[in-house]
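> Build me a structure from this.
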Amino acid sequence: QLQVAESGGHLVQPGGSLRLSCGILRYYSVGWFRQVPGKEHEGLASLSHSDDSPWYAEPVKGRFTISRDVTRLTVDLQMSGLKPEDTGVYYCRKSPFERRSPEDFNEHDYWGQGIRVTVSS
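Alright, predicted model coming up:
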């Protein structure tokens, strides 16, 4: 069974940077999501498997970058300029099918384990 495993997860100061990695064994579409207590999962970024076309939510545009590392077999979310409102549990999600935005992911797609990210001084 394919596994989605993230690495990373820290306490980061405001303005700091952090990279989250989603391990994948195949060339999947990958999305990154964030959840805060009492709210639904928020789609942050995604990368399609057909052409690595990225998609970003408005709150993270210009600060987060999603990319595929074929050497490490990961899809990474590089986060910079972190703000306290970026605090939450981050999940990656992957699909063997074309997913061009987080909204395209559905119940048939894999969820990875969550990683807690806290942005605080």
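
> Hmm, residue 68 and residue 21 touching each other?
No - with contact defined as Cβ atoms under 8 Å, residue 21 and residue 68 do not form a contacting pair (10.8 Å). Where you see a C-beta, it was placed from the backbone N, CA and C, and this is true even at glycine.

> Show me whatever sits in contact with both of the two.
The contact sets of residue 21 and residue 68 overlap at 74, 75, 76 (Cβ atoms under 8 Å, 6 or more residues apart in numbering).

> and the nearest residue to the second one once chain neighbours are set aside, how many residues sit next to it?
Leaving out its chain neighbours, the residue that sits closest to residue 75 by Cβ to Cβ, 6 or more residues apart in numbering is residue 30, at 3.9 Å. Each residue near residue 30 was counted by other Cβ atoms under 10 Å, and the total is 29.

> Could I get the contacting residues of residue 30?
Applying Cβ under 8 Å, 6+ apart, one finds that residue 30 lies in contact with 22, 24, 46, 47, 49, 66, 68, 75, 92, 93, 94, 95.

> what's the helix or strand for the third one?
Going back to what we said before, that points to residue 46. According to DSSP states H and E, residue 46 maps onto strand 42-47.
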